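J.: Just to be clear, the model below is a prediction. Sequence and coordinates:
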Amino acid sequence: AQSVTQLGSHVSVSEGALVLLRCNYSSSVPPYLFWYVQYPNQGLQLLLKYTTGATLVKGINGFEAEFKKSETSFHLTKPSAHMSDAAEYFCAVSNFGNEKLTFGTGTRLTIIP
Amino acid sequence: DTAVSQTPKYLVTQMGNDKSIKCEQNLGHDTMYWYKQDSKKFLKIMFSYNNKELIINETVPNRFSPKSPDKAHLNLHINSLELGDSAVYFCASSQGLAGPREQYFGPGTRLTVT
């Protein structure tokens, strides 16, 4: 069984401030972890993913995430928020041989000018 | 050139009607999915097809019937629509089963049942 918990359904940061979106996962086998972004009235787009290897993963638009096995976490960060980052962010988990991608409940990121 | 497309984008209909949503991908992928996103933005998989074969069938009412005429298309037919079916439905595709693979999502179909 696998699951994802995203702490904070709504996060607000000032433009230029650090963005930190939290994700914790549960998986009985080594996980594959993803962050997707959904802009208003659009489908989801992959930001970044962790499968194996380097635990610090860099994605598009300046985002990165670090896989921490001991903490079962995969938090998403960006050093400096931009107005265009306002969107809904979803963390998701899968694993080897699993046909299913399980999503968290999402975090809405608001950027304050 | 749209990778995953869905039609229609909006669908407003009355309870009891039957409706279909179409999905097409031009990425050459062999696996396609239907997801339902509720009013709280929770995204849950409904069905998955791999090479036209049903792989995942979550606990979805049998009023929902997916059909995959070929690898590039996955349609969703819904019978006897209910108020609770109102949601945004997303089609997605990937090359191979989920695992480590990126899924490409369509723009969604917003279904409103009145």
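T.: Right, received. Where do you want to start? Numbering: from 1, shown residues only, chains lettered A, B, ... in the order given.
J.: C-alpha from now on. contacts and neighbour counts both.
T.: OK.
J.: who touches residue 80 in this structure?
T.: Since you didn't name a chain, this refers to chain A. Residue A:80 makes contacts with A:15-19, as judged by Cα atoms under 8 Å, 6 or more residues apart in numbering or on different chains.
J.: my question was about chain B
T.: If a contact means Cα under 8 Å, 6+ apart, then residue B:80 has B:15-18, B:63 as its contacts.
J.: Please pick the buried ones from those residues.
T.: Taking 16 or more other Cα atoms under 10 Å in any protein chain shown as the criterion, nothing in the contacts of residue B:80 is buried.
J.: Closest one to residue A:105 out of the residues you listed, please.
T.: The shortest approach to residue A:105 among the contacts of residue B:80 belongs to residue B:63, at 25.5 Å (Cα to Cα).
J.: In this structure that closest one contacts residue B:78, no?
T.: Yes - if you go by Cα atoms under 8 Å, residue B:63 and residue B:78 touch, sitting 5.6 Å apart.
J.: coming back round to it: just the ones of the contacts of residue A:80 in strands?
T.: residue A:19 (DSSP state E).
J.: of the contacts of residue A:80, buried ones?
T.: Neighbour counting by 16+ other Cα under 10 Å classes A:15, A:19 among the contacts of residue A:80 as buried.
J.: In TSV, list the contacts of residue A:80 along with pLDDT and distance to chain B.
T.: TSV is the format used below for those (pLDDT from 0 to 100; distance: Cα to the nearest Cα, whole Å):
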residue	pLDDT	distance to chain B
A:15	97	25
A:16	97	27
A:17	98	26
A:18	98	24
A:19	98	21
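J.: okay if I get the contacts of residue A:80 as a markdown table plus distance to residue A:31?
T.: Below are the contacts of residue A:80 laid out as a markdown table (distance: Cα to Cα, whole Å):
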| residue | distance to residue A:31 |
| --- | --- |
| A:15 | 33 |
| A:16 | 32 |
| A:17 | 30 |
| A:18 | 27 |
| A:19 | 24 |
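J.: May I have the beta-bridge partners of residue A:48?
T.: residue A:35 (DSSP bridges).
J.: pLDDT wise, what is it at?
T.: Model confidence at residue A:48, expressed as pLDDT, equals 96.
J.: shaky segments in the chain?
T.: Just so you know, I chose chain A. Regions of chain A meeting the criterion pLDDT under 70 cover residues A:99.
J.: my bad, chain B
T.: Within chain B, the ranges that satisfy pLDDT under 70 run B:1.
J.: Contact residues of chain B facing chain A?
T.: Contacts of chain B with chain A, taken as Cα under 8 Å from any Cα of the partner chain, map to B:41-45, B:55-56, B:90, B:97-100, B:102-108.
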